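Asker: Predicted coordinates and the sequence they were generated for:
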Amino acid sequence: MSKKEVSKGNEALMEAAVRAGCRFYAGYPITPQTTATEYLSWRMKEIGGQFVQAESELAAINMVAGASMSGTRSLTATSGPGLSLMTETLSVMCGGRIPGVIVNIQRYGAGIGGIQGGQSDFYMVTKTFGHGGLTGLVYAPVSTQESVDLMVKAFDKSEEYRVPVVMLTDGSMGQMMEAVALPDFIDPPDLSDQPYVAGTRNGRVKRAIFDTPWFGSSPNMADNVEQAYIAYEEMVQKWDETEVMYEEYMMDDAQYVIFAWGTSARVAKTAVKTLREEGKKVGLFRPITLLPFPKSQIAALSKNKIKAALAVEMAVPAQFYYEVKLHLNNDIPLGSYKRSGGYMVLDEDIADAMKKMM
C-alpha cells in the first residue's frame, strides 16, 4: 500500500485497476465517467496494456468479453445510459461464465438523465444483468479509498465465480478529490488454463465459447442449459453466506436506524453524529455489497430494540427503500427520505426526517 495522495475518485479507481493487474480497457466517453477513460488512455500504454476508445458502449463491453476470453483482466467504465446498452452482452457474459469488471459511475434519472450523481441504477444492477435473470456481484463503495480497496477483490471474485462484477459509484464520488492510499502493484495472473479462455495461442487448449451453457453430459441441450442455470442459482444463493459485506455504525445501542449506501451513506453518517450529539440513539446500517444484499443481517434487527428506521437514497421513485422493507421486520416502521434531479441528500434533512420517525 502506497502513502496517501490526493486524487480524483475516477482516476484513483482506474489506477487501482491497473495495479490489480488489469491490462485491457475499452470505453466510450460519457459524463461523469469520461475522466476515467481519459486517465487510462495514457496510463495503459505506460504499463504495456491495451486501451481502446470504442465506438459505443455496446462495442466496449463486447471488447471486454473478448479480452477476458484471451485470458486478460479486462475493464470498462460507463454511466447509466451506457450500461443500458451493455445489458445484452452482460447477459451473454453471465450465460457463458465470462468474467469482467464494469464500473458504473452513476448519473441521475431515466433516459439520458443528468450528469450529476444519483443512485437510480440500484434496480438495474441488483435484479438482473440483462435478459435471462442471471446476475453478478455488485459493490457499492462509500469513498474513493473503499472503491480502490475493492477493485482487487472485484477482479479476484469475477474470476473465481466467472461472472461480471459491477462497481457502483456515482458522479459525486467520481469527481471528488480526497486522500487515498493506492494498493501495491500485482502481476497480471496467468489465466490461460481457465475454461472460459479460448484459442490455441501460447499452448492454450482450443475451446468453443457460447453465450448459453451447452456443457454437460446429457445429449439433450435443454437438460444441459437447465442444469447450468440451477448451478448458477445455487452459486448466487451461497453468496448470502460467503460474500455479504456491510458496515454497522453506532448500532450497538441504537434504537433508531438509518439505512443508506454509497454517497448517501457518507452523508447519513454525519446525520448520525449530529443526532448522537443531541442524545438520540441512532445508528447507520450500510450495505457494501448490493448483490448479495445483507438480507439476513437486516432481518435480524429486533423489533424489541429498534423503534423506527429510515431509508435514504438519491433516487425518485424509491428503489433501495423497497429492498430494505422487504427484509426488515414488519413491526419496525420504515420511512423514506430521497432526492433526485441531481440534488444531494443533506445531513440536516436526514436528521429531520429521522426525528419525524421518532
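Answerer: Perfect, I can see it now.

Asker: Can you tell me how far residue 307 is from residue 268?
Answerer: For residue 307, the distance to residue 268 equals 18 Å [Cβ to Cβ, to the nearest Å]. In this view, the C-beta of every residue, glycine as well, is placed from N, C-alpha and C.

Asker: neighbour-wise, which of these two wins?
Answerer: residue 268 (29 against 15; other Cβ atoms under 10 Å).

Asker: Not counting sequence-adjacent ones, nearest residue to that one?
Answerer: With sequence-adjacent residues excluded and distances taken as Cβ to Cβ, 6 or more residues apart in numbering, residue 268 is closest to residue 260, at 4.1 Å.

Asker: and what of residue 320?
Answerer: residue 313 (4.3 Å).

Asker: ok now do that neighbour, which residues does it touch?
Answerer: The contact partners of residue 313, by Cβ atoms under 8 Å, 6 or more residues apart in numbering, come to 119, 122, 260-261, 264, 319-321, 336, 338, 345.

Asker: which of those are buried?
Answerer: Buried members of those, scored by 16 or more other Cβ atoms under 10 Å, are 119, 122, 260-261, 264, 319-321, 336, 338, 345.

Asker: pLDDT below threshold where in this protein?
Answerer: For the chain, the stretches with pLDDT under 70 are 1, 199-223.

Asker: Run through the helices of it in chain order.
Answerer: Taking DSSP state H as the test, the helices found in the chain are 9-19, 34-46, 57-68, 80-96, 122-126, 144-161, 171-175, 221-242, 262-277, 295-299, 320-327, 347-357.

Asker: Residue 256 is nearest to which of these?
Answerer: For the helices of the chain, proximity to residue 256 was assessed by Cβ to Cβ; helix 347-357 is nearest, at 6.2 Å.

Asker: coming back round to it: out of the buried ones among the contacts of residue 313, who's nearest residue 154?
Answerer: Of the buried ones among the contacts of residue 313, the one sitting nearest to residue 154 (Cβ to Cβ) turns out to be residue 261, at 16.5 Å.

Asker: looking at it, that closest one is touching residue 287, isn't it?
Answerer: Yes: judged on Cβ atoms under 8 Å, residue 261 makes contact with residue 287 at a distance of 5.1 Å.

Asker: Which residues are in contact with each of those two?
Answerer: Common contacts of residue 261 and residue 287 (Cβ under 8 Å, 6+ apart): residue 140.

Asker: ok, now which ones touch the residue nearest to residue 268?
Answerer: 267-268, 284, 286, 311-313, 320, 345.

Asker: and it, how far is that from residue 301?
Answerer: Distance, residue 260 to residue 301, by Cβ to Cβ: 15 Å.

Asker: which residues does residue 80 contact?
Answerer: 104, 106-107, 109, 113, 118, 120-121, 124.

Asker: For stretch 125-132, which residues meet the burial criterion?
Answerer: Burial within stretch 125-132, assessed by neighbour count using 16+ other Cβ under 10 Å, is assigned to 125-126, 128-130, 132.

Asker: what comes into contact with it?
Answerer: Stretch 125-132 has contacts (Cβ under 8 Å, 6+ apart) with 83, 87-91, 93-95, 104, 134-136, 138, 164, 166, 168, 290-291, 293, 323.

Asker: so how far is that stretch off the chain centroid?
Answerer: 13 Å (Cα atoms, centre = their mean, to the nearest Å).

Asker: cool, stretch 16-25 as well?
Answerer: On the basis of Cα atoms, centre = their mean, stretch 16-25 sits 17 Å off its chain's mean C-alpha point.

Asker: Quick one: end-to-end distance for that stretch.
Answerer: End-to-end span of stretch 16-25 (Cα to Cα, to the nearest Å): 13 Å.
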